[in-house]
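**Student:** Pasting the sequence and the predicted model now:
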Amino acid sequence: MEEAQHHHASQPSPDPLRVLREDEISLLRECYRHGLPGTLAAFLFIDTHLRWCEKIRQYFTEECCWSVSPIVWKRFFTLATTDREELATAGTFVAITEAEKCPTVVFWTLHDDLSPLKHALMETMYISWKNDPAISCVALEHYPMVQCVVQQKAPHLIFRNSTFFRLPRTIAKEMQYSVTDDYEILPLDESHAAEVNATWPHRFAGSEEYYRSLFRLNGGLALAERDGQARKKPLAGWILTNEFGALAHLYIQPSHRQRGLASVLVKAWATRWTAAFEGDSTADGSEVIAYILDANAASRTLFQKLGFIEMFKSRWSNPTTK
């Protein structure tokens, strides 16, 4: 009898998280659609993942095999006790990238009681704390709970302050822009990955492949000087949409600044994004968003001048080299 009791006690506890199927992730998207525009960040994060799934199915063939960096590819989970009905109303999920080193953890919930989610983050086997995970896009109301978790699991993590902004569709549709004869707008593609990555202040081992994946899945725009030659030209600046469905990585080369190019890129990409989803029922209620570090005063001023409206503050943990 004692042996049987000891054997039972040594069995691992069931994981507090369970994997979500794609149809369940679609339920999450509808859950967060009901709260738009206040829930835009969560909605677009989920929507971006589902569009990636569809695009990969569309282009994946034996002749054309896409690869997606584990730095951006995610698995979605919810609390093990959550059924479909609760998933569609409370919207609790945890998404974890498949990167071996420094995987990114993103979560959202509409529940006021965060104790089950806190327990899940602490106890799940799906988060390998020894691999130095980063926790991103933490809403301020969830930040005290996250601090309790990281104090025990990863006390070295440092969080940055940032703000989410949205661009109302009515403003996006009315945006106009022009490009001087000195420049032309080009689509970003995989051949630009090294050039874009070289200027990124947060680059890391594998970040060039991160950019290739984003260009394959989300695209982006660049500006280059016209020179009448067919050869590939160095880029003057660029903008793209990241894995959170937000405008990101806006950059103008130093020699091309003070010419209004950043404004041109934001307007061009925002209007194209809005037009691309016009009439798409799965995108109903969505708008262009951007998240900007609070320390980046220049970007905040630019986006607000263009009509972006502040939504909410968030916290992002810095990449680490632990």
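**Tutor:** Thanks, I have the structure now. Numbering: from 1, shown residues only.
**Student:** Ala283 reaches Leu50, doesn't it?
**Tutor:** No. Using C-beta atoms under 8 Å, Ala283 is not in contact with Leu50, being 10.8 Å away. From N, CA and C alone the C-beta is placed, and that goes for glycine too.
**Student:** And this protein, what are its domain boundaries?
**Tutor:** 17-163, 167-312 (the TED database).
**Student:** Same list (these) but as JSON lines, adding mean pLDDT and mean neighbour count.
**Tutor:** Below are these laid out as JSON lines (pLDDT from 0 to 100; neighbours: other C-beta atoms under 10 Å):
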{"stretch": "domain 17-163", "mean pLDDT": "94", "mean neighbour count": "17"}
{"stretch": "domain 167-312", "mean pLDDT": "93", "mean neighbour count": "16"}
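**Student:** Please tell me how far the longest helix anywhere in the chain is from the chain's geometric centre.
**Tutor:** With secondary structure taken from DSSP state H, the chain has its longest helix at helix 40-59. Here the centre of helix 40-59 is set off from its chain's centre by 10 Å, with C-alpha atoms, centre = their mean, to the nearest Å.
**Student:** what about dumping the CA coordinates of that helix to PDB?
**Tutor:** Output of helix 40-59 as PDB, limited to C-alpha atoms (Å, rounded to 0.1, in the frame of the first residue of the first chain):
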ATOM      1  CA  LEU A  40      -7.200  46.100 -31.000                       C
ATOM      2  CA  ALA A  41      -3.800  44.900 -29.800                       C
ATOM      3  CA  ALA A  42      -5.000  41.500 -28.900                       C
ATOM      4  CA  PHE A  43      -7.300  41.200 -31.900                       C
ATOM      5  CA  LEU A  44      -4.500  42.000 -34.400                       C
ATOM      6  CA  PHE A  45      -2.000  39.700 -32.700                       C
ATOM      7  CA  ILE A  46      -4.400  36.800 -33.100                       C
ATOM      8  CA  ASP A  47      -5.600  37.900 -36.600                       C
ATOM      9  CA  THR A  48      -2.000  38.100 -37.800                       C
ATOM     10  CA  HIS A  49      -1.300  34.600 -36.700                       C
ATOM     11  CA  LEU A  50      -4.400  33.200 -38.400                       C
ATOM     12  CA  ARG A  51      -3.500  35.000 -41.600                       C
ATOM     13  CA  TRP A  52       0.000  33.500 -41.400                       C
ATOM     14  CA  CYS A  53      -1.500  30.100 -41.100                       C
ATOM     15  CA  GLU A  54      -3.600  30.700 -44.200                       C
ATOM     16  CA  LYS A  55      -0.800  32.100 -46.200                       C
ATOM     17  CA  ILE A  56       1.500  29.200 -45.400                       C
ATOM     18  CA  ARG A  57      -1.100  26.700 -46.500                       C
ATOM     19  CA  GLN A  58      -1.600  28.700 -49.700                       C
ATOM     20  CA  TYR A  59       2.100  28.800 -50.600                       C
END
